[in-house]
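[1] sequence unknown, structure follows:
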């Protein structure tokens, strides 16, 4: 059915845009603040284990 | 593409770092604001770290992290409802341009339409449409039934199409290549990431 076909084309366009927006962030380098945070959490745990 | 470390002594916490890009992308789709998204990711990391016992090794860590992230988002949102709505409005306003009636699908139009969706619709669309989650995984992540996710995705698509004033006949006129060209042209040129 023609209607079905056009609908899927529309969905494809939406999905294409979604993936582009999402991909843009995925490809960004992870900011240092998060790596620092994970490091801090690790250190805290190690200190708690000792005490 | 599940990467399960067979080493029993490994700490599942070490895996969190590999999900950071996906967490940021998902957070951005919820908040639509870069600094809010990163604050959200930060809170989610701390919660995930402290509640690692509730993660079942061998299950999907990304889905588990996304669940924490979205729960944090919705509970923050309840606390600061007015604030968040204002931010959303301001963001939409800065993005909105003169309505384009020629049916072209530009990235700016898409972004403008996307921020107007309800967060429940945005997350359903992003989980299923962009991050490659199955309907079942998305349902589990959001704590709802599979049927609910399916209907949210469908409604979100319909709403996006309405907002972008894309009609079926217009959509048909665009071949995939044309779409790609338009979409690529609409991409903002980013400077080097700060």
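    Ah, there it is. If you're wondering where the values come from, they're calculated on a predicted model, not measured in any experiment.
[2] OK, contacts around residue B:21?
    Listed by C-beta atoms under 8 Å, 6 or more residues apart in numbering or on different chains, the contact set of residue B:21 reads A:25, A:26, A:27, A:28, A:30. The way it works is simple: take the backbone N, C-alpha and C, and place the C-beta from them, glycine included.
[3] now the third one: closest residue in space, sequence neighbours ignored.
    It refers to residue A:27. With C-beta to C-beta, 6 or more residues apart in numbering or on different chains as the measure, residue B:21 is the residue that lies nearest to residue A:27, at 7.6 Å, once sequence neighbours are left out.
[4] how about the last one?
    Counting by C-beta to C-beta, 6+ apart, residue B:20 is the residue found nearest to residue A:30 once chain neighbours are left out, at 4.6 Å.
[5] ok, back up a step: which among the contacts of residue B:21 count as buried?
    For these, burial is judged from neighbour counts taken by 16 or more other C-beta atoms under 10 Å in any protein chain shown, and it is met by A:25, A:28.
[6] so for the contacts of residue B:21, which is the shakiest by pLDDT?
    For the contacts of residue B:21, the model is least confident at residue A:25; its pLDDT is 88.
[7] and the gap between that residue and residue B:129?
    Per C-beta to C-beta, to the nearest Å, residue A:25 is found 15 Å from residue B:129.
[8] mind checking how far the spatially most central residue of chain A is from chain B?
    With distances taken as C-alpha atoms, centre = their mean, residue A:26 lies nearest the centre of chain A, 5.3 Å away. Distance of residue A:26 to chain B, computed by C-beta to the nearest C-beta, to the nearest Å: 5 Å.
[9] isn't that residue up against residue B:25?
    Yes. Counting by C-beta atoms under 8 Å, residue A:26 sits close enough to residue B:25 to count as a contact (5.1 Å).
[10] related to what we said a few turns ago, CSV for the contacts of residue B:21, including distance to residue B:118?
    As requested, those are arranged in CSV below (distance: C-beta to C-beta, whole Å):
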residue, distance to residue B:118
A:25, 21
A:26, 24
A:27, 27
A:28, 26
A:30, 29
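[11] secondary structure added to the contacts of residue B:21, as JSON lines?
    As requested, the contacts of residue B:21 are exported to JSON lines (DSSP: H, G, I helix; E, B strand; the rest coil):
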{"residue": "A:25", "secondary structure": "helix"}
{"residue": "A:26", "secondary structure": "helix"}
{"residue": "A:27", "secondary structure": "coil"}
{"residue": "A:28", "secondary structure": "coil"}
{"residue": "A:30", "secondary structure": "coil"}
